[in-house]
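> Quick one, what's the 3D model for this:
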Amino acid sequence: MKIITTTTLLALASIAPVIAEDATAPAPAQNTKKTWDITQWSVYPFNQPGSFYMSAAAGVALFGDGAVNVRNNNSGADDFDFDTGYSLALRAGHSFGPLRLEGEFNYVDADIDTIESMTGPISVDSNLTTIGLMGNALWDFDFKPFTFTVGAGIGFAHLSYDEMTDQGNVLVADSSDTVFASQLILGVSYDINPNTKVGLNYRYVMMGGVDDSGDVDTDMADSSDISFDNIGASIFELSVTYKF
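Here you go, the predicted structure:
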């Protein structure tokens, strides 16, 4: 019995230093290396803080040349010039960090005073109005207190041309149509306070051609198909934006 007890005590004595050493040994170092979370970047910038905003704008519209073709008119397509017009717009959207998505309602009006026929320029009293709905995507470059913006938009515009008359003769009848529209946007704005900014915007708007028919005074028939070519307009506007 004494032999067994002595042997047990000797065994415990031999492993005690090992147990004590293990107890005082530092814990193994954990891997603290940071890893990239691809899911975090896959939703950028929609995971950035943002806010709702509204904007109102007014400016001038400079149209390129237009052209109209009255099928029953032997002169074929005639060019015409737009006077400087004006534009109004209301916009509402939401920002996601540097990205903004917005809806736009716009109105543009411009007079038409001259149409170029085969016999020379003819004075007319006409007008073009457009009412558009657009969806825009914009990217802001923030350099407080200034912000520079680039963007683009697509949507639809309803174009209405008043009739073009010469000495009581209807050369081109009233024509209207809803067409595809798109625009490119450049802008710069200045922060008046944390919620309000004023800006200067440039928009180049492209609108499709109008196809219609109506009564015209020609030698061939009283009515005719009428088609207007695509048109483009450069719009320079001042805007005020309020962030909620």
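
> So what pairs up with residue 93 in the strands?
Beta-bridge partners recorded for residue 93 (DSSP bridges): residue 53, residue 102.

> ranges for the helices of the chain?
Under the criterion DSSP state H, the chain carries helices at the ranges 2-24, 38-42.

> Least reliable of the ones you listed by average pLDDT, please.
For these, mean pLDDT drops lowest on helix 2-24, to a mean of 50.

> which non-adjacent residue is nearest the residue nearest the centre of the chain?
Centroid check for the chain by C-alpha atoms, centre = their mean gives residue 136 as the closest residue, at 2.3 Å. Nearest non-adjacent residue to residue 136, counting by C-beta to C-beta, 6 or more residues apart in numbering: residue 153, 3.7 Å away. (Each C-beta comes from the backbone N, C-alpha and C, glycine too.)

> Can you tell me how far that neighbour is from residue 227?
Distance of residue 153 to residue 227, given as C-beta to C-beta, to the nearest Å: 25 Å.

> can you check residue 127 too?
With C-beta to C-beta as the criterion, residue 127 and residue 227 are 18 Å apart.

> got it, and residue 121?
21 Å.

> These two: which has the busier surroundings?
residue 227 (17 against 14; other C-beta atoms under 10 Å).

> got the contact list for the more buried one?
68-69, 71, 209-212 (C-beta atoms under 8 Å, 6 or more residues apart in numbering).

> Least confident secondary structure element in the chain?
helix 2-24 (a mean of 50; mean pLDDT, DSSP states H and E).

> what's the average pLDDT for the lengthiest strand in the chain?
Taking DSSP state E as the criterion, the chain has its longest strand at strand 120-143. For strand 120-143, the mean per-residue pLDDT is 94.

> tell me the contacts of residue 206?
181-183, 230-232.

> how near is it to residue 65?
In terms of C-beta to C-beta, residue 206 sits 14 Å off from residue 65.

> now residue 164
Counting by C-beta to C-beta, the gap from residue 164 to residue 65 is 15 Å.

> Also residue 112?
11 Å.

> what does residue 200 give?
26 Å.

> Between the two, which is the more surrounded one?
For the pair residue 200 and residue 65, the greater number of neighbours falls to residue 200 (15 against 12), based on other C-beta under 10 Å.

> In contact with the closest residue to the more buried one other than its chain neighbours, which residues are there?
Taking C-beta to C-beta, 6+ apart, and ignoring the residues beside it in sequence, residue 200 has residue 188 as its nearest neighbour in space, at 5.7 Å. By C-beta under 8 Å, 6+ apart, residue 188 lies in contact with 146-149, 199-200.
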